[in-house]
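Asks: just a sequence and a predicted model for now, questions to come.
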Amino acid sequence: MLSQPLLRLVSAVSRRRMKLLLGIALLAYVASVWGNLINMSVLLNRSIQESRELRIESRIEEIIEPLREKIRDLEKSFTQKYPPVKFLSEKDRKRILVTGGAGFVGSHLTDKLMMDGHEVTVVDNFFTGRKRNVEHWIGHENFELINHDVVEPLYIEVDQIYHLASPASPPNYMYNPIKTLKTNTIGTLNMLGLAKRVGARLLLASTSEVYGDPEVHPQTEDYWGHVNPIGPRACYDEGKRVAETMCYAYMKQEGVEVRVARIFNTFGPRMHMNDGRVVSNFILQALQGEPLTVYGSGSQTRAFQYVRREETSWVTECLSASVLDLQEQSGLQACSQNTHWL
Ligand SMILES: O=c1ccn([C@@H]2O[C@H](COP(=O)(O)OP(=O)(O)O[C@H]3OC[C@@H](O)[C@H](O)[C@H]3O)[C@@H](O)[C@H]2O)c(=O)[nH]1
């Protein structure tokens with residue numbers, strides 16, 4: 001039998017323990033509720049973040065999709081941007097250098113060579129040439145454009161050289177006669193040196209001006225010309241004459257394969273508006289409703305060659321007319337062709 005005081009002590013202790021236990025249970029409950037609350041808030045935060053990320057991602061998708069579409073369109077247009085180019089086998093494909101290839105005549109030749117499937121390197125110092133004339137080839141795997149003056153040597157490997165670099169219109173070549181002389185003499189020497197080193201065939205774009213003020217009409221190739229060596233046009237006339245001489249000297253002495261084309265007065269698309277030659281002058285004056293200016297008596301004659309860009313063959317057409325004919329008629333009479341190409 002437990003005594004009364006012992007019983008009171010026991011019940012007092014168990015009450016305290018009960019309170020303690022209750023306290024602990026309460027604390028545990030609060031802690032678990034708190035933990036759950038934290039967990040829930042973490043989960044809530046995570047899901048809010050995830051849904052925000054999803055919204056951002058779908059927004060990004062919405063923005064990017066039209067851009068992707070545009071890129072696809074651009075890629076399509078890039079693959080279609082070049083004029084059609086033939087496929088040539090390794091054996092038939094030539095590496096061709098065109099000096100003055102960004103000029104009026106050179107750029108049409110470049111078009112022809114590119115469309116035929118060759119690898120073309122255009123060298124131009126952009127004195128009268130323009131990037132715009134060849135920009136439709138920029139980026140093409142067969143095409144390269146080099147800003148270079150032929151008066152400086154050029155070290156490349158090619159199979160053929162078309163040497164057209166020189167101003168051709170009288171106001172342009174008279175603008176700096178010494179530079180015109182250097183281009184046609186040193187420039188041609190450099191190109192012939194290159195042709196010799198790499199074993200390339202070279203075509204010189206010469207001019208009807210090698211005949212000077214001719215006493216024979218029309219001029220045949222065996223006519224030697226009538227040139228004033230100190231006249232206003234001498235820098236060009238004599239420059240081209242010595243360029244021809246150099247070609248044949250390299251052929252005889254070094255075995256370089258050369259061709260010379262004496263091109264007559266050219267006109268056509270890509271000609272400079274302010275070229276200064278008679279056809280562009282007349283067209284410009286006609287478009288502005290101004291009278292056409294005929295120098296001298298107007299009885300002088302010229303053989304005109306139209307250089308065109310279209311079709312598969314690069315063609316020069318030869319037409320003849322007096323300056324007065326040009327002024328008075330819209331049609332030109334046909335004459336004999338005077339050029340020989342590679
Ligand atoms: O506005 C003009 C321009 C020119 N002319 C005359 O028209 C004739 C042709 O003159 P251009 O200025 O067109 O040029 P040219 O024929 O003298 O030489 C040109 O053509 C031959 C090419 O080989 C040369 O590279 C180029 O210089 C000249 O008799 C000239 O006096 C005019 O009557 N009016």
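Replies: Looks like it came in fine.
Asks: state the next helix or strand along the chain beyond the helix or strand that contains residue 41.
Replies: When secondary structure is defined by DSSP states H and E, residue 41 falls within helix 4-79. Remark: after helix 4-79, the chain's next helix or strand is strand 95-99, criterion DSSP H and E.
Asks: so for that next one, mean pLDDT?
Replies: For strand 95-99, mean pLDDT is 98.
Asks: so what touches it?
Replies: Residues from elsewhere that reach strand 95-99, judged by Cβ atoms under 8 Å, 6 or more residues apart in numbering: 106, 109-110, 113, 118-124, 150, 154, 156-165, 187, 191, 194, 200. Placement of C-beta: from N, CA and C, glycine included.
Asks: mind redoing it with 7 Å?
Replies: In this structure, residues lying in contact with strand 95-99 by Cβ atoms under 7 Å, 6 or more residues apart in numbering are 106, 109-110, 113, 118-123, 150, 156-165, 191.
Asks: contacts with the ligand among these, please.
Replies: Among the contacts of strand 95-99, not one lies near the ligand by Cβ under 6 Å from any ligand atom.
Asks: now those: which count as buried?
Replies: Among those, those buried by neighbour count (16 or more other Cβ atoms under 10 Å) are 106, 109-110, 113, 118-123, 150, 158, 160-165, 191.
Asks: could you report the neighbour count for the nearest residue to residue 226 once chain neighbours are set aside?
Replies: Spatial nearest neighbour of residue 226, chain neighbours left out: residue 212 (4.5 Å); criterion: Cβ to Cβ, 6 or more residues apart in numbering. Neighbours of residue 212 under the rule other Cβ atoms under 10 Å: 20.
Asks: average pLDDT across the host helix or strand of residue 112?
Replies: Residue 112 belongs to helix 104-115 when assigned by DSSP H and E. The predicted model assigns helix 104-115 a mean pLDDT of 97.
Asks: that one packs against which elements?
Replies: For helix 104-115, the packing partners by 3 or more Cβ pairs under 7 Å, 6 or more residues apart in numbering; DSSP states H and E come out as strand 95-99, strand 119-124, strand 301-307.
Asks: restricting to C-alpha, output the shortest one in CSV.
Replies: The C-alpha coordinates for strand 95-99 follow below in CSV (Å, rounded to 0.1, in the frame of the first residue of the first chain):
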residue,chain,number,x,y,z
ARG,A,95,41.6,29.7,-112.6
ILE,A,96,41.3,33.1,-114.4
LEU,A,97,42.6,36.5,-113.4
VAL,A,98,40.7,39.5,-114.8
THR,A,99,42.5,42.8,-114.2
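Asks: and the angle for that strand with strand 119-124?
Replies: 20 degrees (axes from the mean of the first three to the mean of the last three Cα atoms, to 10 degrees).
Asks: got it, and the longest one?
Replies: With the same axes, to 10 degrees applied, the angle from strand 301-307 to strand 119-124 works out at 130 degrees.
Asks: contacts for the helix holding residue 112 next, please.
Replies: Contacts of helix 104-115 (Cβ under 7 Å, 6+ apart): 83-86, 96, 98, 100-101, 120, 122, 129, 133-134, 137, 142-143, 162, 164, 205, 266, 270-272, 307-309, 312, 314.
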